[in-house]
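J.: I'll drop the sequence and a predicted model, then ask my questions.
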Amino acid sequence: QVQLQESGPGLVKPSQTLSLTCTVSGGSITTSYYAWSWIRQAPGKGLEWMGVIAYDGSTYYSPSLKSRTSISRDTSKNQFSLQLSSVTPEDTAVYYCARDMATGWGIYDYWGQGTQVTVSS
């Protein structure tokens, strides 16, 4: 059973960088051909895909967030991380990490429980 757990600050000040980590257990983030996504949901809005890091370390980002987003990984800890720079209150959301299925990225078979991040001074 694969489990994902998000961690990071729940409060970030405007203009700062939001940093979150997803710790994966029960499966390796380097296993072919899975990928690992960050997804968020702002209050009253739908899910927004932010970006993904694949089993081989390649990354892909949402065009609308690409200039502010970076996803990296630490294979020794079986973790992948999100950094979102220059945050504003509009970045307030519940942030999720999820595993993309090997048979089709964009379909998620495991999710973290989500972590609330509020951007406020």
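T.: Yep, it's here. Numbering: from 1, shown residues only.
J.: what helix or strand is the most centrally placed residue in the chain located in?
T.: With distances taken as Cα atoms, centre = their mean, the residue of the chain nearest its centroid is Trp38 (2.4 Å). For Trp38, the host element (DSSP states H and E) is strand 35-41.
J.: for the very next helix or strand once past that strand, list every residue counted as buried.
T.: Downstream of strand 35-41, the next assigned helix or strand under DSSP H and E is strand 47-54. Neighbour-count burial for strand 47-54 flags Trp49, Met50, Gly51, Val52, Ile53, Ala54 (criterion: 16 or more other Cβ atoms under 10 Å). C-betas here are computed from N, CA, C, even on glycine.
J.: pLDDT and distance to Arg99 added to those, as JSON lines?
T.: As requested, the buried residues of strand 47-54 are exported to JSON lines (pLDDT from 0 to 100; distance: Cβ to Cβ, whole Å):
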{"residue": "Trp49", "pLDDT": "98", "distance to Arg99": "13"}
{"residue": "Met50", "pLDDT": "98", "distance to Arg99": "15"}
{"residue": "Gly51", "pLDDT": "98", "distance to Arg99": "14"}
{"residue": "Val52", "pLDDT": "98", "distance to Arg99": "10"}
{"residue": "Ile53", "pLDDT": "98", "distance to Arg99": "11"}
{"residue": "Ala54", "pLDDT": "97", "distance to Arg99": "11"}
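J.: closest to Gly106 among the residues you listed?
T.: Nearest to Gly106 out of those is Trp49 (Cβ to Cβ; 7.7 Å).
J.: hang on, the closest one packs against Tyr61?
T.: No. Using Cβ atoms under 8 Å, Trp49 makes no contact with Tyr61, being 9.4 Å away.
J.: great, nothing more from me.
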